[in-house]
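S.K.: With the sequence up front, the predicted model follows.
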There are 2 protein chains.
Amino acid sequence: MELSCKTEYALLALLELTNHYSSGEPLQIRQIAAEQNIPDRYLEQLLATLRRGGLVRSQRGAKGGYVLAREPWKINVLEVVNCIEGQDAQATDAGREAKTVEGMVIWEVWQEAGQAADSVLQRQTLQDLADKRESRCRLDIMYYI
Amino acid sequence: MELSCKTEYALLALLELTNHYSSGEPLQIRQIAAEQNIPDRYLEQLLATLRRGGLVRSQRGAKGGYVLAREPWKINVLEVVNCIEGQDAQATDAGREAKTVEGMVIWEVWQEAGQAADSVLQRQTLQDLADKRESRCRLDIMYYI
DNA sequence: CAAAACCCCGGTGGAGAACCGGGGTATACT
DNA sequence: AGTATACCCCGGTTCTCCACCGGGGTTTTG
């Protein structure tokens, strides 16, 4: 199961915004891009998609930037993926009319697998990811002691 | 989660071979292709991959064709997918070295989702799919009575 | 020997992923 | 009002790879 650059960059950006959430200040595209080594013109595009999907809010002009649209514990990974990849990451049955019974049976098994994966992603919020990152950093520090 | 044409065609072909398994006779590429509406030059390629992966056996020359290499209840959907898409459908961590802790955290969540999907596919054998197909056909017949 | 059917290898066209450039618009600050 | 900053919008490019195909070779049967 391929993790696309788009999805990875989107999640990295949202994690940055999560880490910055308590300050309430907008974070600029170029700051996020520099911090996470993301091409900033591309990130601009992804953030626009996230804004249209209601996951972030933007502020134009001087002192502008992006903030999360909701608390990080209320944004789960699945909705990020669906926003970035399009709803077709979930329900591609519209374009793929199974012509035979066999095709339908295969399709259903595939859907079931997809739903199992989605279920995992839906259980993870941005806050969970940020917490994992925190505990990972803490482990690293303990190695140095 | 995208079901590629490759995987779908491979599974359709293997289902045909499953339905034909009890006869013990090889099934020709062009027969399978016609039955399931698969481009036969492409199917040839896919069956070659399945043969190299040990899922089917081939017989060259007149009266030749393909048979399953094992009993249909001993071949699960996950190994078909891995054979067709390559092992990278499972372990793409080799090419994607996460440079930051954030990247690693995201990657792990993604792996977990992939494993949930794989687990579903691993539980389904070709026999299971064939049985589902059978009961689906029986349902259709009951609608006509 | 001839026909049938797999085997092998390389190729093409088109879609889309990854990324970028240029110009416009909104906002804060002086 | 003017200027600088930073998002907004739209379109474009290059490259990869998916889906599929063509041509010729090799094996097997009758």
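M.R.: Good, I have the coordinates.
S.K.: Pull up the gap between the closest residue to A:Glu79 other than its chain neighbours and chain B, please.
M.R.: Nearest non-adjacent residue to A:Glu79, counting by C-beta to C-beta, 6 or more residues apart in numbering or on different chains: A:Leu55, 7.0 Å away. (C-beta placed from N, C-alpha, C; glycine too.) A:Leu55 is 16 Å from chain B, where distance means C-beta to the nearest C-beta, to the nearest Å.
S.K.: Now do the contacts for A:Leu55.
M.R.: With contacts defined as C-beta atoms under 8 Å, 6 or more residues apart in numbering or on different chains, A:Leu55 is in contact with A:14, A:68-70, A:75, A:79-80, A:83.
S.K.: if you set the cut-off to 10 Å instead, what comes out?
M.R.: By C-beta atoms under 10 Å, 6 or more residues apart in numbering or on different chains, the residues touching A:Leu55 are A:10, A:14, A:17, A:47, A:49, A:66, A:68-70, A:75, A:79-80, A:83-84, A:126.
S.K.: Could you do A:Arg133 as well?
M.R.: So A:Arg133 contacts A:15, A:18-19, B:100-106 (C-beta under 10 Å, 6+ apart).
S.K.: Buried only: go through the contacts of A:Leu55 for me.
M.R.: A:10, A:14, A:17, A:47, A:49, A:66, A:68-69, A:75, A:79-80, A:83-84, A:126 (16 or more other C-beta atoms under 10 Å in any protein chain shown).
S.K.: Next, format those as TSV and append pLDDT, distance to B:Arg133 and secondary structure.
M.R.: Below are those laid out as TSV (pLDDT from 0 to 100; distance: C-beta to C-beta, whole Å; DSSP: H, G, I helix; E, B strand; the rest coil):
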residue	pLDDT	distance to B:Arg133	secondary structure
A:Ala10	97	39	helix
A:Leu14	98	42	helix
A:Leu17	97	48	helix
A:Leu47	97	46	helix
A:Thr49	96	40	helix
A:Tyr66	97	50	strand
A:Leu68	97	47	strand
A:Ala69	96	45	coil
A:Ile75	98	41	coil
A:Glu79	96	35	helix
A:Val80	97	36	helix
A:Cys83	96	36	helix
A:Ile84	95	35	helix
A:Leu126	98	42	helix
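S.K.: rewinding a little: drop the exposed ones from the contacts of A:Arg133 and show what's left.
M.R.: By 16+ other C-beta under 10 Å, these give A:15, A:18-19, B:101-103, B:105-106 as buried.
S.K.: ok, and of those, which contact DNA strand D?
M.R.: Among the buried ones among the contacts of A:Arg133, no residue sits close to DNA strand D (C-beta under 7 Å from any atom of the strand).
S.K.: Reformat the buried ones among the contacts of A:Leu55 into JSON lines and put distance to DNA strand C next to each item.
M.R.: Formatted as JSON lines, the buried ones among the contacts of A:Leu55 follow (distance: C-beta to the nearest atom of the strand, whole Å):
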{"residue": "A:Ala10", "distance to DNA strand C": "10"}
{"residue": "A:Leu14", "distance to DNA strand C": "16"}
{"residue": "A:Leu17", "distance to DNA strand C": "19"}
{"residue": "A:Leu47", "distance to DNA strand C": "12"}
{"residue": "A:Thr49", "distance to DNA strand C": "11"}
{"residue": "A:Tyr66", "distance to DNA strand C": "13"}
{"residue": "A:Leu68", "distance to DNA strand C": "18"}
{"residue": "A:Ala69", "distance to DNA strand C": "16"}
{"residue": "A:Ile75", "distance to DNA strand C": "21"}
{"residue": "A:Glu79", "distance to DNA strand C": "18"}
{"residue": "A:Val80", "distance to DNA strand C": "14"}
{"residue": "A:Cys83", "distance to DNA strand C": "14"}
{"residue": "A:Ile84", "distance to DNA strand C": "9"}
{"residue": "A:Leu126", "distance to DNA strand C": "20"}
